[in-house]
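Q: I would like to see how this sequence folds:
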Amino acid sequence: MTTTTLAVLVPLLPFLGAVAGLLLGRTAPGFVRPLAVLPTLAALVLAVLVAVRQGGDQAIDAATELTPTGSVPIELALHIDGFAALVAVLVGLVASCVQIYSTGYLRDDPRYPSYAALVSLFTSAMLLVVYSGDLIVLLVGWEIMGICSYFLVGHYWETPEARAASIKAFLVTKLGDVPFLIGLFALATDAGSFRITKVLGAVASGSLDHPTLIALLLLAGVAGKSAQFPLHTWLPDAMAGPTPVSALIHAATMVTAGVYFIARLLPVFQASSAAMVVLAVMAAVTMAGSGLAALAQDDIKRVLAYSTIGQLGYMTGALAVGDRGAAVFHLLSHGAFKALLFLAAGVIIHASGTNSLAAMSRMKDLRARVPDAYWTMTVALLALIAIPPFSGFFSKEAVLGAAEHVATGHTEHAPGVAGWIVLVAGLVSAVLTAAYATRLWLLAFRGRGVEAPDHGRQPFTMTAVLWVLAVPSLALGLAYGPLPDWFDGRDLTPVLTTSVLGTGLALVGVIITYGAWQHTSTLAAHIPMGAVAAHPDGDAGLVEAEAIASHAPAYGDVAYTPDPADPGRLLLGPLHRHAAVGFHLDAVYTALFVRPVLAGAALVRFLDREVVDTYVRGAAALPRWLGEAVRRAQTGNVQTYVSALLAGTVVLVVAALLVATGA
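A: You can find the predicted model right below:
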């Protein structure tokens with residue numbers, strides 16, 4: 001079987017599994033789990049075979065015209081280089097782990113068949129984006145992921161949080177997709193083709209007439225899909241969906257699609273220095289802002305959501321300095337340890353008896369209750385903090401090293417100012433990442449909350465997946481030696497300067513957070529306990545809290561009493577309240593966009609009802625009145641009709657005589 005045929009089957013198998021799962025979900029429920037797991041596993045195996053055959057050598061290209069257009073052709077094309085081959089393996093691995101994990105996590109969910117089918121469709125769409133060599137076909141996968149995220153985030157549609165989160169995710173990403181679509185057509189018009197290879201050839205020959213405009217339009221779509229400032233606000237709210245969906249979205253699909261898109265078309269962005277600086281600023285704000293916000297969150301999944309936003313900022317930062325090798329390297333390592341973090345969080349949530357949320361202020365010494373999650377999450381958090389030799393260290397240092405090269409003028413792939421912006425923001429974010437990761441570990445596994453009821457041992461399918469993902473989280477970074485062949489020959493060896501700075505700052509963040517936790521724990525031991533606060537999940541237990549519980553702040557729609565031993569409150573001080581609500585960005589959007597739109601809609605409704613309808617009613621009133629008058633003349637009395645006829649005849653005769661006399 002040729003490599004091209006294998007590559008076609010990689011996205012096709014999950015798609016067929018999704019269709020079969022939807023058709024047989026009700027009539028043959030026994031086939032649902034095999035149809036969810038086996039096609040995805042088969043796609044993973046085939047993706048590995050494609051990667052082995054591609055081997056990091058010359059890209060594999062194949063195309064057939066999909067439909068004649070008369071101008072710019074649309075082709076069903078494959079373009080598989082080293083980046084695409086490795087990212088497809090990551091997508092297949094994470095999706096397989098999520099499907100296996102979900103068989104235990106959602107074993108009692110009546111909507112599991114539709115859920116599993118949507119996950120398979122989600123996987124197929126991302127694989128289509130990865131392998132596609134035509135921008136229109138890529139757009140199809142891009143949009144299918146958007147609708148899949150809408151349904152999966154809203155899986156628990158009975159809850160208002162899930163309904164609101166699904167709508168918000170859909171609308172915010174569509175807001176970015178509108179300029180993204182315009183940018184794609186503008187790019188194809190300048191290049192004369194939607195084929196990625198031809199587009200890159202046009203860039204190399206200087207045929208793009210509007211590189212800055214095109215790049216900025218495309219960046220809007222990337223910001224929405226990859227949750228970058230200022231279109232990142234949908235991602236923390238999307239945690240209302242099932243935890244395995246969060247792992248899939250954050251680690252291998254949806255949000256990584258934007259980063260991968262820029263990596264694939266990086267020369268288009270490099271054609272505009274202004275676009276590269278904008279990308280660097282977007283990455284810097286995203287990294288720093290998400291780190292502060294993560295340090296103030298109470299729900300464990302929202303911490304991880306803001307963490308994803310920040311790590312995506314590292315990837316876009318690498319792209320802003322013109323190094324797609326470092327960006328995709330971090331995408332791969334982040335995909336492994338972030339999937340592990342979410343699935344381990346799912347074990348914790350499952351153990352607490354809830355569906356999708358778990359406030360860390362309610363947790364108490366979970367190490368003995370969930371040992372598999374404890375050890376594997378510790379590995380994943382060390383990778384997130386970028387402590388050597390865990391995978392995150394090597395990939396994050398590749399990003400910082402690339403920024404340092406640009407900042408010091410050792411390369412001309414990007415403006416020097418972009419290098420300094422990314423380097424400074426990356427080092428600041430290293431401290432913040434270490435701080436919120438340490439805080440999460442302390443509150444989750446050494447917290448002072450009330451012990452939740454024991455719901456028994458977690459299913460083997462859930463815990464086994466954690467250990468599978470722990471392997472790449474620990475060891476993937478060590479592959480930086482052979483990986484350059486897959487990444488355009490880019491040397492991924494850590495740079496001494498940024499390695500020392502990054503690791504040193506990370507250790508500073510760990511030490512400061514641990515010291516703050518020790519200090520607050522000592523103070524909390526003297527606070528009278530007994531005040532409680534119910535979590536919005538319902539009867540998931542009570543939280544020991546400060547005696548002055550009546551003054552607990554309400555963050556959004558979630559009111560909770562903060563853990564007095566929370567180091568985040570001490571570290572952030574007065575900034576904590578603002579960071580907890582994402583620095584009020586949603587409120588700003590409400591004031592700038594939502595309220596004006598609602599006011600405009602109210603005005604249109606008033607004009608339609610009071611002005612347009614008035615004219616319509618007036619136009620109908622005159623014929624109605626005439627009809628009423630004519631109707632009253634129809635009495636049915638023959639004598640009345642004869643009298644009227646005679647009177648009319650007399651009037652006509654008199655009128656005729658008057659006319660004749662006048663003449």
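Q: Tell me where the stretch 551-663 of the chain has helices.
A: Secondary structure of the stretch 551-663 of the chain (DSSP state H, counting those that start in this stretch): helices at 567-572, 576-580, 585-589, 595-607, 613-633, 638-662.
Q: So which residues make contact with the second one?
A: Okay, so that is helix 576-580. For helix 576-580, contacts defined as CB atoms under 8 Å, 6 or more residues apart in numbering pick out L292, A293, L295, A296, Q297, D298, P553, Y555, G568, R569, L572, H584. In this view, the C-beta of every residue, glycine as well, is placed from N, C-alpha and C.
Q: Tell me how many other residues crowd the third one.
A: Using other CB atoms under 10 Å, L295 has 29 neighbouring residues.
Q: Then I512?
A: I512: 17 neighbours (other CB under 10 Å).
Q: Surely H413 is in contact with G322?
A: Yes: at 2.9 Å, H413 and G322 qualify as touching, with contact defined as CB atoms under 8 Å.
Q: Over to A368. Which of the three states is it?
A: Three-state assignment for A368 (DSSP: H, G, I helix; E, B strand; the rest coil): coil.
Q: quick one on the thing from earlier: closest one of the contacts of helix 576-580 to V510?
A: L295 (13.1 Å; CB to CB).
Q: Who are the contact partners of that closest one?
A: Per CB under 8 Å, 6+ apart, neighbours of L295: L432, A435, Y436, R439, G568, L571, L572, A579.
Q: Among the residues you listed, show me the least confident.
A: Minimum pLDDT across these is recorded for G568, with 88.
Q: one step back: kindly write the ChimeraX command that selects the buried subset of the contacts of L295.
A: This is how ChimeraX selects the buried members of the contacts of L295, with burial counted by 16 or more other CB atoms under 10 Å:
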select :432,435,436,439,568,571,572,579
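Q: Would you mind giving the contacts of L295 as TSV with distance to M363 added?
A: Below are the contacts of L295 laid out as TSV (distance: CB to CB, whole Å):
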residue	distance to M363
L432	22
A435	18
Y436	16
R439	12
G568	14
L571	19
L572	20
A579	21
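Q: between the contacts of L295, which is closest to A351?
A: Once CB to CB is applied, the member of those that ends up nearest A351 is R439, at 20.2 Å.
Q: Mean pLDDT lowest where, among the helices of the stretch 551-663 of the chain?
A: helix 613-633 (a mean of 79).
Q: Low-confidence bits of the stretch 1-150 of the chain, can you list those?
A: Residues of the stretch 1-150 of the chain that meet the criterion pLDDT under 70 lie in 69-70.
Q: Tell me which stretches of it form helices.
A: Using DSSP H, counting those that start in this stretch, helices in the stretch 1-150 of the chain cover 3-24, 32-54, 82-105, 112-131, 135-153.
Q: per-residue pLDDT, V532?
A: The model reports V532 with a pLDDT of 38.
Q: that older thread, which of the helices of the stretch 551-663 of the chain is buried the deepest?
A: Greatest average neighbour count among these goes to helix 567-572 (a mean of 22), per mean count of other CB atoms under 10 Å.
Q: In JSON lines: the helices of the stretch 551-663 of the chain, plus distance to T513.
A: Shown next, in JSON lines, are the helices of the stretch 551-663 of the chain (distance: least, CB to CB, whole Å):
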{"stretch": "helix 567-572", "distance to T513": "5"}
{"stretch": "helix 576-580", "distance to T513": "14"}
{"stretch": "helix 585-589", "distance to T513": "25"}
{"stretch": "helix 595-607", "distance to T513": "39"}
{"stretch": "helix 613-633", "distance to T513": "63"}
{"stretch": "helix 638-662", "distance to T513": "100"}
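Q: Ok, which of the ones you listed comes nearest V268?
A: Short answer: helix 585-589, nearest of the helices of the stretch 551-663 of the chain by CB to CB, at 28.6 Å.
Q: In CSV, list the C-alpha atoms belonging to that closest one.
A: Only the C-alpha atoms of helix 585-589 are listed here, as CSV (Å, rounded to 0.1, in the frame of the first residue of the first chain):
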residue,chain,number,x,y,z
LEU,A,585,-12.2,41.2,29.5
ASP,A,586,-15.6,39.7,29.2
ALA,A,587,-17.1,42.8,30.9
VAL,A,588,-15.2,45.0,28.5
TYR,A,589,-16.6,43.0,25.5
